[in-house]
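*Asks:* from the sequence below, what's the structure:
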Amino acid sequence: MGDGKLRRLRRLRRRLVREGLGETLRKAAGDHLFRSSGSVVMELDLIAARLGAVRPGPGITFTTLGTGDPLPPLCPFLAPRRNDFAAMLAAGKMGLFVLRQGIATGCAWIALTDHHDARVREFYPVAPGEAYGYSWLLDPAERARGTALLFVRWALCLLQNMGIRRVFSVIDRRNRTSYLIHQHFGYREAGMLVRHFHLFRVRWTRMSPYAGTLGLADPRPSRSYRRPA
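*Replies:* Model prediction:
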């Protein structure tokens, strides 16, 4: 049995213990019929950003890929997405990867021109000097090692050195870790709410402006990340 199936079975077992069989089946049926999520656009002024030095530990390297470049060896967490990664490279996106001992354990994707995803019917205009960062992925085994902050710092330094002035991402308000990491580097909400809907096999996106800061969907107290020096 592959690592992906084992992870799904472990999550299912935990849900069964926590919520019981009836509630688990109800949620599973609901997820396949209809589900929605709320995200916010978060942006960073790279001209004013203080990112700090990138100090990778032993065995950690980074690589940047473009159209026509071969993908690096992928860890089991990333391997199922190989075809998606190849398609994004073919579409002209820039792939950023963090590797441990030559094996890619995390990635992020950068659009330097207008980004259109026909699958979820969303469109993000990207002006000259801007970058849209999306699909930030990291092997869960790397999270306790501090790789997330290191990788994001390296990616932002790379974009800064390329002359990018503004970078933005769409962050699910339920994704506490991602929201706090972006906030740690100085990202702020840009006042645009992004709602994703999934009804049977149809997916679509709705965007609407708002004033102020929405924050996390579940703003429970937690440790905050120390801002980089």
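*Asks:* in the chain, where is pLDDT below threshold?
*Replies:* The chain contains residues with pLDDT under 70 at 1-5, 7-8, 11-12, 15-16, 21-34, 120, 200-201, 221-229.
*Asks:* ranges for the strands of the protein?
*Replies:* Applying DSSP state E to the chain gives strands spanning 34-45, 60-65, 94-100, 103-111, 115-117, 122-124, 130-138, 166-172, 188-199, 202-209.
*Asks:* which residues touch stretch 190-206?
*Replies:* 32-43, 119-122, 168, 170, 207-212, 214 (Cβ atoms under 8 Å, 6 or more residues apart in numbering). C-betas here are computed from N, CA, C, even on glycine.
*Asks:* how far off centre is that stretch?
*Replies:* The chain centre lies 16 Å from the centre of stretch 190-206; the measure is Cα atoms, centre = their mean, to the nearest Å.
*Asks:* and that stretch, end to end?
*Replies:* Distance between the two ends of stretch 190-206: 16 Å, counting by Cα to Cα, to the nearest Å.
*Asks:* and residue 212, what does it touch?
*Replies:* Contacts of residue 212 (Cβ under 8 Å, 6+ apart): residue 191.
*Asks:* could you check how far it is from residue 140?
*Replies:* Applying Cβ to Cβ, to the nearest Å, the value for residue 212 to residue 140 is 33 Å.
*Asks:* the most centrally placed residue in the chain: what's it in contact with?
*Replies:* Centroid check for the chain by Cα atoms, centre = their mean gives residue 136 as the closest residue, at 2.9 Å. Taking Cβ under 8 Å, 6+ apart, we find residue 136 in contact with 106, 107, 108, 152, 169, 178.
*Asks:* against residue 164, how distant is the first one?
*Replies:* As for residue 106, its distance to residue 164 is 20 Å (criterion: Cβ to Cβ).
*Asks:* again, but for the fourth one
*Replies:* Here the criterion is Cβ to Cβ. By it, residue 152 lies 14 Å from residue 164.
*Asks:* residue 169 is in contact with residue 182, isn't it?
*Replies:* Yes. Using Cβ atoms under 8 Å, residue 169 is in contact with residue 182, at 6.4 Å.
*Asks:* coming back round to it: among residue 152 and residue 164, which residue is more densely surrounded?
*Replies:* Counted by other Cβ atoms under 10 Å, residue 152 and residue 164 do not tie: residue 152 has more neighbours, with 25 against 19.
*Asks:* beta partners for residue 168?
*Replies:* Taking DSSP bridges as the rule, residue 168 bridges to residue 43, residue 132.
*Asks:* before we move on, what about residue 97?
*Replies:* Using DSSP bridges, the beta-bridge partners of residue 97 come out as residue 63, residue 107.
*Asks:* tell me how many other residues surround it.
*Replies:* As a burial measure, residue 97 scores 23 neighbours (other Cβ under 10 Å).
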